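In: Structure for the following, please:
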Amino acid sequence: MPTSGSAPLSPDLPLEDPADDRLDYVRFSRLIANAIGSMAPAEGIVLGLHGSRGAGRTSVANFVRRHLESVPHTVVTQFNPWRYAASDDIAARYLAALVPVLAPGVEGRGDPAAIRAAAAEVLRRERTRHVVVIDDLDRVAPERAAEIGRLVSAVADLPNVVHLLVLERTTLAEADLERVVQVPFDLPLPEGLPQMLFEDLRGLMAANPHSSAVTDEHWDEIFSPGIESLIETPRDVVRLMNVLRLTYPPVCRELNPVDFIAVEAVRVFLPRLYDTIRRHPNAFAGEPRTVAVAGTAAEGRDFHDAWSAELPERVREAAQTLILRLFPAVPDFPGAVVSRDMTGHTRQGRHVASPELFAAYFQFVVPETTVSNAEMDAHMAHLDDRATFAALLLRLAAERDSSGAPRVTGFLERLRDAVAALDAERAANAVGGLLAAGDDLPDRQSAVGLAVALLRQIPPAARRELISRGAASGGIATAAAVTVALGQEHGRHGADPLDPEDARLVSAVELEQLESAVLGRIRQYADSGRLAAAPDLPALLAAWRAWDADGCPRWVAGAIQRDDVLVRVVSAFVMRVRSDGGPARGPHGSLRLDPEALRPYVAPELVVDRIRRLARDPSLGGEVTTALDQFVLEYELRQENAVPQNHE
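Out: Next comes the predicted model:
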């Protein structure tokens, strides 16, 4: 995995010094230079150096020139026809530029035949080897390239002159190329190209400390055959690295660096696929979908087959593999056997497949609704003290992100991802903070689940002490909810027991002690008149009834004799539900208040008239009145044996 080194933006210029070679082109250039150095062509000769654009042809030609500097009686001259206008007489330009060098004393202007003859005479007499390098013929129009080919053929027999033409084989017609070039050399395939890219990426990542969401296994899977297959020439490496040096630093600590590099490689080399991905997040982002190829919906299968068919044949298989590994929700392609991570931890790994982070990979900025790594690092520093951590939770609960959601929600989601990395002391401080602040958090259920997960990071002795302290002094609703969760591991509260027994966080004896402690606090709250105002009253009553089947209903029956307590108790049971009947988060959804939910504590028919009367009290406020009206409405619907309807 890349870890060290750095480099600035590259202007994509050819190399001049063989010492800078990273693709082992020096040996090839030395072979050409040695071949030229051994020649004394009485009639001249034309060599061809063939390779695709950006593959390093000019660098090799420069290396040849540097090698020839040490060869006696050898002069190297460069002629670049692409620097001249299309209207220029290229033959006249050639003679004017080169004849004074090839044959000093010969005027380069005038009758071409006479100039050629005079130059040939000087060249035979001087016996100096001249090498004329004509580079980038494929940068001129095809007509001009053909014209230059004819020009070189016309002067190719000048004695002691070696022409080295640098061009793609397709620049000239095959017959013309064979007529002009007598000794062809094809640029070797750059075997060191993946290593060159790897080293440059290592430098980039070392210069920009990245998130911890990087593993060697994931890097290997994405790099080969994915990213490296998109790189064909040294110029491709330069292009990708130049892009990454601008886009990578702002997001490297917030996103998965390996995924971001891969997405940027797709943007540079497969722009149509990149555009397809960013425009169809639902088709790519998400957790793994365990559906066989044959079972994939036709519409989805056709969509993925369509973009795949548009890929260049040379990279299709590698690109398919890359996409399958980046996006586990994309179904396998027929006939493809690709190993990929199907664990479903896209959010924890900061992967591009995470629906929450998907857009950030294409916008180069982390959404405001996401807790950034920088924020997370600052928040995690509060884990050194449980009181400080509790204060942080309360502050985040009061803050809102751009969507209006409490910022504490996103933080707790990120903290859950980090549980396994916490040591026992910091985990204990986190549990202590959650127990202390839990009653004032908007999503207590998530906080309780997180607390239970954190308890598993703490040794048994410290865990028992922490749980006991929380039961005695933590938020009453949170302490009860944690105790219920621990009881569920023993098969209580309608749950299946957690096996084996040693996997349970507390023993049966410890659980009974904990339940007794929390039950005592609930009774204290009831006796002091605070219970009706406690958060999550329905859950508290359910826990009390589970631990004391007679005491809970007895307290309710007595307490609701007061109208204000009855109002509080009934209002506590109102809830919002989605259209599918599940609980809704936030202010959205339809109101429901099922009178039968109160029957374990009080018979609805005994209080409905009082509630109907209280609902007309204007001093109670809109939300309370709405809850009471909903109770009466659903009670009457049940009496009529009608199916309750959702009402906003």
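
In: Just the C-alpha atoms of the longest helix along the chain, please, in PDB.
Out: Longest helix of the chain, by residue count under DSSP state H: helix 508-527. The C-alpha trace of helix 508-527 is given here as PDB (Å, rounded to 0.1, in the frame of the first residue of the first chain):
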ATOM      1  CA  ALA A 508     -28.100 -14.100  36.200                       C
ATOM      2  CA  VAL A 509     -27.300 -13.000  39.700                       C
ATOM      3  CA  GLU A 510     -25.800  -9.700  38.600                       C
ATOM      4  CA  LEU A 511     -28.800  -9.100  36.400                       C
ATOM      5  CA  GLU A 512     -31.200  -9.500  39.300                       C
ATOM      6  CA  GLN A 513     -29.100  -7.100  41.400                       C
ATOM      7  CA  LEU A 514     -29.200  -4.600  38.600                       C
ATOM      8  CA  GLU A 515     -33.000  -4.900  38.000                       C
ATOM      9  CA  SER A 516     -33.500  -4.500  41.800                       C
ATOM     10  CA  ALA A 517     -31.400  -1.300  41.800                       C
ATOM     11  CA  VAL A 518     -33.200   0.200  38.800                       C
ATOM     12  CA  LEU A 519     -36.600  -0.800  40.100                       C
ATOM     13  CA  GLY A 520     -35.800   1.000  43.400                       C
ATOM     14  CA  ARG A 521     -35.100   4.100  41.500                       C
ATOM     15  CA  ILE A 522     -38.300   3.900  39.500                       C
ATOM     16  CA  ARG A 523     -40.200   3.500  42.700                       C
ATOM     17  CA  GLN A 524     -38.400   6.600  44.100                       C
ATOM     18  CA  TYR A 525     -39.400   8.500  41.000                       C
ATOM     19  CA  ALA A 526     -43.000   7.400  41.400                       C
ATOM     20  CA  ASP A 527     -43.100   8.300  45.100                       C
END
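
In: Report the buried residues of that helix.
Out: Going by neighbour count (16 or more other C-beta atoms under 10 Å), the buried part of helix 508-527 is 510-511, 513-515, 517-519, 521-523, 525-526. For every residue, glycine as well, the C-beta is placed using N, CA and C.

In: between these, which is closest to Thr343?
Out: Nearest to Thr343 out of the buried residues of helix 508-527 is Leu511 (C-beta to C-beta; 32.1 Å).

In: So the closest one sits against Gly487, correct?
Out: Yes - counting by C-beta atoms under 8 Å, Gly487 is a contact partner of Leu511 at 6.0 Å.

In: just for the stretch 351-500 of the chain, where's the confidence low?
Out: Residues of the stretch 351-500 of the chain that meet the criterion pLDDT under 70 lie in 365-369.

In: List the contacts of stretch 209-220.
Out: 1-2, 252-258, 341, 348-351, 373 (C-beta atoms under 8 Å, 6 or more residues apart in numbering).

In: no no, stretch 471-484
Out: Residues contacting stretch 471-484 (C-beta under 8 Å, 6+ apart): 434-440, 444-445, 447-448, 451-452, 467, 470, 492-493, 511, 514-515, 517-518, 521-522, 525, 534-536, 539-540, 543, 546.

In: By average pLDDT, which secondary structure element in this structure comes out worst?
Out: strand 575-577 (a mean of 76; mean pLDDT, DSSP states H and E).

In: which parts of that strand are buried?
Out: Buried, per 16+ other C-beta under 10 Å, within strand 575-577: 575-576.

In: again with stretch 324-336
Out: Buried residues in stretch 324-336, counted by 16+ other C-beta under 10 Å: 324-333.

In: which one of the residues you listed sits closest to Asp305?
Out: Phe333 (7.7 Å).

In: Hmm, Leu167 is touching Arg53, no?
Out: No - applying C-beta under 8 Å, one finds Leu167 not in contact with Arg53, separated by 9.8 Å.

In: When these two are compared, which one has more neighbours?
Out: Leu167 (26 against 13; other C-beta atoms under 10 Å).

In: The closest residue to that one other than its chain neighbours and Val131, how far apart?
Out: Spatial nearest neighbour of Leu167, excluding adjacent residues (C-beta to C-beta, 6 or more residues apart in numbering): Leu137 at 3.9 Å. Distance, Leu137 to Val131, using C-beta to C-beta, to the nearest Å: 16 Å.

In: now Met39
Out: 9 Å.

In: Over to Glu313?
Out: Using C-beta to C-beta, which is the criterion applied here, Glu313 is 39 Å from Val131.

In: Could you verify that Leu165 is part of a strand?
Out: Yes - per DSSP: H, G, I helix; E, B strand; the rest coil, Leu165 lies within a strand segment.

In: Who are the contact partners of it?
Out: Contacts of Leu165 (C-beta under 8 Å, 6+ apart): 46-49, 134, 137, 152, 180-181.

In: go again using 7 Å as the cut-off
Out: 46, 48-49, 134, 137, 152, 181 (C-beta atoms under 7 Å, 6 or more residues apart in numbering).
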